[in-house]
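1. What follows is a predicted protein model with its sequence.
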Amino acid sequence: ANAALTGCPPELMPVLVAAVRAVLEPRFNLQAITTTTHPVTPLVVVHGPIVDHHGFNAGPNVFGQGNRANATIGRALRLVLQNIGGAKPGETDRATHGQPGKYAYCIAENAAESPFPPFHEDRVGPVSAVTVFGGEGPHNVNDHGSTDAEGVLHNIAGTMATLGCNNLYMRGEMMVVLSPEHADLCRRAGMDRRAVGQRLQELARIDVRGVSPGNMDRFISISPDVFAELPEDGTVPVLADADGALILVAGGQGKHTMVIPSFGATVATTVAVELP
């Protein structure tokens with residue numbers, strides 16, 4: 001019924017079912033994601049042959065309007081969370097501001113223009129799949145000047161390293177959606193997905209010397225291993241390890257990349273799409 005309300009075509013039902021199964025995985029932490037004051041919501045990423053077969057947008061304007069498959073899957077999942085899960089805005093959903101992704105938030109991986117193996121293959125194998133990620137809205141990284149991977153990754157890391165993100169003290173994952181042009185610079189440098197994540201983990205450090213005393217007390221109580229004994233330079237990595245950087249390629253032409261901070265207390269979950 002929720003799918004029908006969005007105009008979701010019947011042939012996309014297996015994708016929606018996979019997305020619902022994914023958010024119900026305990027490690028995704030759906031209850032916290034749907035009740036927090038933080039503007040987090042499930043981002044659905046579609047992978048594999050089903051992307052082209054059913055016309056999902058993985059290219060230009062991938063986070064934007066104009067594609068029925070992306071729009072209806074994103075919206076249908078939101079209606080499921082609201083009408084079945086009870087995530088009513090202002091009631092059980094206590095988001096202070098929310099974000100546009102709470103209306104519909106679905107993209108597809110641009111595997112055709114990615115120098116890396118498809119994101120989902122080492123998780124569920126070479127099948128059609130859906131990944132759900134508990135994230136904020138995408139934060140743009142504009143880099144038209146860098147001519148090598150190191151320059152682009154420095155710029156991306158600077159966008160990741162912000163005082164106001166949950167990842168500062170709750171750690172957890174961040175998703176980095178590289179444009180094909182930025183991804184190609186990584187390819188030229190001989191970097192695989194793991195190497196990109198490792199370099200971002202090294203570079204994305206937050207200067208916490210400006211943190212207010214009240215916030216510092218809170219951070220120490222939540223993550224004493226990170227904040228109880230700060231290094232002399234007053235910076236901490238935003239990611240606990242390289243695996244915390246979820247790297248995939250999507251979008252069209254243009255030297256932009258999207259950084260998506262997470263809720264922190266959530267793990268991206270990938271589920272195979274079970275086709276009839």
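-> Yes, it's here.

2. quick one, helices of the chain?
-> Using DSSP state H, the helices of the chain run over 2-6, 13-23, 30-35, 50-53, 68-79, 121-124, 149-160, 167-170, 180-188, 193-203, 213-222, 224-227.

3. So what's the model's average confidence on the third one?
-> Okay, so that is helix 30-35. Mean per-residue pLDDT for helix 30-35: 97.

4. who's in contact with it?
-> 23-24, 40-42, 81, 85, 87, 92-94, 134, 263, 265-266 (CB atoms under 8 Å, 6 or more residues apart in numbering). Glycine gets a C-beta too; all of them are placed from N, C-alpha and C.

5. Can you pick out the most distant pair from those residues?
-> Leu24 and Arg94 (20.6 Å; CB to CB).

6. can you pull the contacts of Leu77?
-> Leu77 neighbours (CB under 8 Å, 6+ apart): 16, 19-20, 23, 42, 44, 106.

7. Kindly report the same for Gly252.
-> Gly252 makes contacts with 59-62, 179-180, as judged by CB under 8 Å, 6+ apart.

8. Which of the helices and strands in the chain ranks last by mean pLDDT?
-> When each helix and strand of the chain is scored by mean pLDDT, DSSP states H and E, helix 224-227 comes last, with a mean of 89.

9. Could you list every helix and strand in contact with that one?
-> helix 213-222 (3 or more CB pairs under 8 Å, 6 or more residues apart in numbering; DSSP states H and E).

10. now Met191: how far from Asn57?
-> Using CB to CB, to the nearest Å, we find Met191 at a distance of 26 Å from Asn57.

11. rewinding a little: which of the residues in the least confident helix or strand of the chain are classified as buried?
-> Buried positions in helix 224-227, judged by neighbour count with 16 or more other CB atoms under 10 Å: 226-227.

12. can you pull the alpha-carbon coordinates of that helix into PDB?
-> C-alpha atoms of helix 224-227 as PDB (Å, rounded to 0.1, in the frame of the first residue of the first chain):
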ATOM      1  CA  PRO A 224      37.200   8.500  26.700                       C
ATOM      2  CA  ASP A 225      39.600   6.500  24.600                       C
ATOM      3  CA  VAL A 226      39.700   9.400  22.100                       C
ATOM      4  CA  PHE A 227      39.300  12.500  24.200                       C
END
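
13. Outside of that helix itself, list whatever touches it.
-> Under the criterion CB under 8 Å, 6+ apart, residues 169, 171, 208, 216, 219-220, 236 lie in contact with helix 224-227.

14. what about Ile247, how many neighbours?
-> The number of residues packed around Ile247, counting by other CB atoms under 10 Å, is 23.

15. Could you check the pLDDT of it?
-> 98.

16. List the contacts of it.
-> Neighbour list for Ile247: 116, 119, 176, 178, 193, 196-197 [criterion: CB under 8 Å, 6+ apart].

17. Throw those residues into CSV and include neighbour count, thanks.
-> Compiled in CSV, those are given as follows (neighbours: other CB atoms under 10 Å):
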residue, neighbour count
Phe116, 20
Phe119, 24
Val176, 24
Leu178, 29
Arg193, 22
Val196, 25
Gly197, 21
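
18. Just send these back as CSV, with distance to Asp184 and pLDDT too.
-> Compiled in CSV, the contacts of Ile247 are given as follows (distance: CB to CB, whole Å; pLDDT from 0 to 100):
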residue, distance to Asp184, pLDDT
Phe116, 11, 98
Phe119, 17, 98
Val176, 15, 98
Leu178, 9, 98
Arg193, 14, 97
Val196, 12, 98
Gly197, 17, 98
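
19. Could you point out which of these is nearest to Val271?
-> Phe119 (13.1 Å).

20. I figured that closest one hits Leu248, correct?
-> Yes. Using CB atoms under 8 Å, Phe119 is in contact with Leu248, at 4.4 Å.

21. joint contacts of the two?
-> Applying CB under 8 Å, 6+ apart, one finds that Phe119 and Leu248 are jointly contacted by 45, 109.

22. re the thing from before, select only the buried ones of the contacts of Gly252 in PyMOL?
-> Only the buried entries of these go into this PyMOL selection, using 16+ other CB under 10 Å:
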select buried, resi 59+62+179+180
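
23. Mind picking the two most distant members of the contacts of Gly252?
-> Asn61 and Pro180 (13.8 Å).
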